[in-house]
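Peer 1: my questions are about this predicted structure, shown below with the sequence.
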Amino acid sequence: MKIHRNLKSLRDSSQSAFDLTRINHFSLFPHTWRTHHQPKRNTKRRSHSKNMASSKTTEISSEAPAKAAYVYRDAPIRVASDRVHYTDDSITSSFVYESTSVEQLANGTLLALPKREEFMFQTATRVPKTGVMIVGLGGNNGTTVTGGILANKLGLTWETKEGTRKPDYLGSITQSSTLKLGVDAKTNEDIFVPMKRVLPLVDPNDLVVGGWDISSMNLGDAMKRACVLDVDLQRQLYPLLSKITPLPSIYTKDFIAANQEDRADNVMKETHKMDQVERLRLDIRTFKENHSLDKVIVLWSANTERFADVVDGMNDTADNMMASIKANAEEIAPSQLFAVASILEDCTYINGSPQNTFVPGIIELATKHEVFIGGDDFKSGQTKIKSVLVDFLVSSGIKPVSIVSYNHLGNNDGKNLSAPKQFRSKEISKSNVVDDMVASNGLM
């Protein structure tokens, strides 16, 4: 998707992105759909009128309009608007974003100034053949995502104590969520459509998955180690996943917990940071060529790193960032090397952990090369729930004073977070969500 703002364009990188963060532990459960209709109700009300001569009661019958039903429809969509234009190659649309700028005057008055910004979006109609390279391929996320895609693609079923299960993509925003398209002109029903019908999106079954890991364990054994999928499904997936082994990755002891060292038996031989970047770029190009891919997305799903120091002259600008990598500066984190390699290879980079990968120098480098980068943690589980609950409480004038969380599927991530420096990254990410919302209500 291309976004043009203030005559500045960004290259087509995100239209093929698929939200792997939502497949994780929710992709392999049976799908049920229930639609609730509210029946029409006849109501009667009594009107009483009195005068000096007599008392009169009039009974009035009326039929209250039924609440509009939510109707699900799965069909091709085309928008008839002067703001949307279709060609054989692309869909172009304009969108006006309205916001409000606030200034405080000398007398203390807050002056609200409405603003309008126009964005131009362009999406290619041809869906590119897309690959995803996961950093931390052998972890819980990597094995579950890869196994989930294979199960869906092959139509596997497996037995559980509750019965036979079928794969699906429940939990995926693009594959299993709907949005309101509008209101039916004849029936006044609210029409909901699958999000994946709105724009051309990659089918997750068509994704090619690969990546890196500091552990050499094949994905079949890594899947067993993760203990996420049902045993019967593991049995069927094992012959396929055991053929997949991760590429050697970057291991820097200072950035992840010392307790990860026993897993680090698949470390790339390059030790200089610039050489590591070039090795990653070669891995991306080779993966793309071997599978005849149009696009590659790099997704960080590895261990949470400690926060990297942001230092003037080292990682504050794109030029300084590249110079620091060439100088083998110690404070350049592995996730930042992966980000730089992705940017230089014109690949979207998604950060799924809460460390500060995107220092100013990397943001400037991505802007310069017009490559999409994003993410500071997946936030698909308890953090999302906390965000919703805290927003509701604060909006109601109730101040949360304590939130306790339990990470029951963290496995090795939890082990890594037992180290104080790595836990601090997670703590900052989690607490910022709450602190900002609480700070928005100064009355509490």
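Peer 2: Yep, that arrived.
Peer 1: low-confidence stretches in the stretch 51-200 of the chain?
Peer 2: 51-68 (pLDDT under 70).
Peer 1: helices of that one, start to end?
Peer 2: When secondary structure is read from DSSP state H, counting those that start in this stretch, the stretch 51-200 of the chain shows helices at 140-154, 173-176.
Peer 1: now those as a markdown table including mean neighbour count and distance to residue 131?
Peer 2: Where C-beta positions appear, they are placed from N, C-alpha and C, glycine not excepted. As requested, these are arranged in a markdown table below (neighbours: other CB atoms under 10 Å; distance: least, CB to CB, whole Å):
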| stretch | mean neighbour count | distance to residue 131 |
| --- | --- | --- |
| helix 140-154 | 23 | 12 |
| helix 173-176 | 18 | 17 |
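Peer 1: closest one to residue 211 among those?
Peer 2: Shortest distance between residue 211 and those, using CB to CB, is found for helix 140-154: 6.5 Å.
Peer 1: against which helices or strands is the closest one packed?
Peer 2: Here helix 140-154 touches strand 130-135, strand 208-212, helix 219-226, helix 231-241, going by 3 or more CB pairs under 8 Å, 6 or more residues apart in numbering; DSSP states H and E.
Peer 1: what's the closest residue to residue 252 other than its chain neighbours sitting at in phi/psi?
Peer 2: Closest residue in space to residue 252, ignoring its immediate chain neighbours: residue 334 at 5.3 Å, by CB to CB, 6 or more residues apart in numbering. Backbone torsions of residue 334, given as degrees, to the nearest 10, read phi -50, psi -40.
Peer 1: report the contact partners of residue 334.
Peer 2: Residues near residue 334 by CB atoms under 8 Å, 6 or more residues apart in numbering: 249, 250, 251, 252, 255, 302, 305.
Peer 1: I'd say the fourth one and residue 333 touch.
Peer 2: Yes. Between residue 252 and residue 333 there is a contact under CB atoms under 8 Å: 7.3 Å.
Peer 1: higher neighbour count, the two?
Peer 2: Neighbour count, other CB atoms under 10 Å: between residue 252 and residue 333, residue 333 has more, with 25 against 17.
Peer 1: show me the strands in the stretch 201-350 of the chain, by range?
Peer 2: Using DSSP state E, counting those that start in this stretch, the strands of the stretch 201-350 of the chain run over 208-212, 295-300, 348-351.
Peer 1: what does stretch 349-357 rub up against?
Peer 2: Stretch 349-357 is contacted by residues 17, 21, 141, 297-308, 310, 333, 335-336, 338-339, 342-343, 358, 366, 371-378, 425-426, 428-430 when judged by CB under 8 Å, 6+ apart.
Peer 1: where do the domain boundaries of this protein fall?
Peer 2: 15-29+128-168+204-374, 383-439 (automatic domain parsing).
Peer 1: of the helices and strands packed on helix 140-154, which is nearest residue 118?
Peer 2: That would be, of these and by CB to CB, strand 130-135, which comes in at 29.5 Å.
Peer 1: can you list the strands that the closest one pairs with?
Peer 2: Strand 130-135 has the following strand partners under DSSP bridges: strand 208-212 (parallel), strand 295-300 (parallel).
Peer 1: save those strands as TSV, and put in mean neighbour count and distance to residue 116 too.
Peer 2: Output for those, formatted as TSV (neighbours: other CB under 10 Å; distance: least, CB to CB, whole Å):
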stretch	mean neighbour count	distance to residue 116
strand 208-212	22	42
strand 295-300	24	33
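Peer 1: noted, bye for now.
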